[in-house]
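[1] Pasting a predicted model and its sequence here:
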Amino acid sequence: MTLSEPAPRPSASPHNAGISRGGARRLITVMATAAGAILAGLSANAGPSGAQDASPVYGVTLPEGYRSWEFIAPAEEAPPLDELRLTVGNAIAMRAYRSGTLPFPDGSILVKLAWKHVQSPEFAPASIPGAATTVQVMEKDSRRFAASGGWGFGRFIDGKPVDAAQHLTCFACHQARVQNHDYVFTRYAR
Ligand code: HEC
């Protein structure tokens, strides 16, 4: 898979090469305007208490206990991100995966963990996880997130949500590529 998500920090992204600061700001303004429908549809979703740990735009938080959820599939992302990834799901999502149910029912949550791709110091041909980079969440609630295919998105670094501009990219890419799989890329690895 050569498809690249934007780097966690916009300044580190090759996509921004050649775009001036002002240009980047204008670009963000344009993106924000284009995403007006999503914002309008979701602005009521700033989380239960507008919690600062909730993602902007969607109000999605890191779910409790996801580190012990079942794994769905690993993935590898080519440089420049150069990451190893693992997507896990809660019980509702896992039931849907096993039975091949689409669309995923409300209450499904998918979490993707990611680490830098590092060569094992003990055995060179092996790749192992280095530093953790992002944790990303997709949570299904077809009414609350009606404007984005029923999914709410969250990207977290060190447990804190990243900015709104990054959250305005999520649905567009998932919609463009995997609308026919309920906006979810990851398939169950048997
Ligand atoms: C440029 C395209 C692109 C953008 C933008 C993007 N994603 Fe994804 N996303 C992918 C691809 C490709 C995968 C599957 C490969 C992988 O796991 O890295 C994926 C996988 C995921 C998964 C695991 C479930 C699934 O669909 O496979 C989650 C959760 C996720 N993304 C959340 C997000 C969030 C949150 C954002 C915005 C902050 C976002 N994504 C932005 C391309 C994108």
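    It's in.
[2] for the protein, which strand is longest?
    Secondary structure of the chain read by DSSP state E shows that its longest strand is strand 127-140.
[3] Can you list the strands that that strand pairs with?
    strand 109-119 (antiparallel), strand 151-157 (antiparallel) (DSSP bridges).
[4] Now the first one: buried residues?
    Buried residues in strand 109-119, defined by neighbour count with 16 or more other CB atoms under 10 Å: 109, 110, 111, 112, 113, 114, 115, 117. Where C-beta positions appear, they are placed from N, C-alpha and C, glycine not excepted.
[5] then that strand to PDB, C-alphas only?
    Presented in PDB, the C-alpha positions along strand 109-119 are these (Å, rounded to 0.1, in the frame of the first residue of the first chain):
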ATOM      1  CA  ILE A 109     -15.400   1.100  17.200                       C
ATOM      2  CA  LEU A 110     -12.200   0.600  15.200                       C
ATOM      3  CA  VAL A 111      -8.800   1.700  16.600                       C
ATOM      4  CA  LYS A 112      -5.600   1.800  14.600                       C
ATOM      5  CA  LEU A 113      -2.300   1.900  16.500                       C
ATOM      6  CA  ALA A 114       0.900   3.000  14.700                       C
ATOM      7  CA  TRP A 115       4.600   2.900  15.400                       C
ATOM      8  CA  LYS A 116       7.700   3.800  13.600                       C
ATOM      9  CA  HIS A 117       9.100   0.800  11.500                       C
ATOM     10  CA  VAL A 118      12.400  -0.200  13.100                       C
ATOM     11  CA  GLN A 119      14.900  -2.900  12.300                       C
END
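[6] does the ligand sit close to it?
    Yes. Strand 109-119 is in contact with the ligand by CB under 6 Å from any ligand atom, via 110, 112.
[7] which phi and psi does residue 95 have?
    Note on residue 95: backbone dihedrals following degrees, to the nearest 10 are phi -60, psi -40.
[8] For burial, what's the neighbour tally of it?
    Neighbourhood size, residue 95 [other CB atoms under 10 Å]: 14.
[9] I'd assumed residue 104 was in contact with it.
    No. Using CB atoms under 8 Å, residue 95 is not in contact with residue 104, being 9.6 Å away.
[10] picking that back up, what are the buried residues along the longest strand of the chain?
    In strand 127-140, counting by 16+ other CB under 10 Å, buried: 129, 133, 134, 135, 136, 137, 138, 139, 140.
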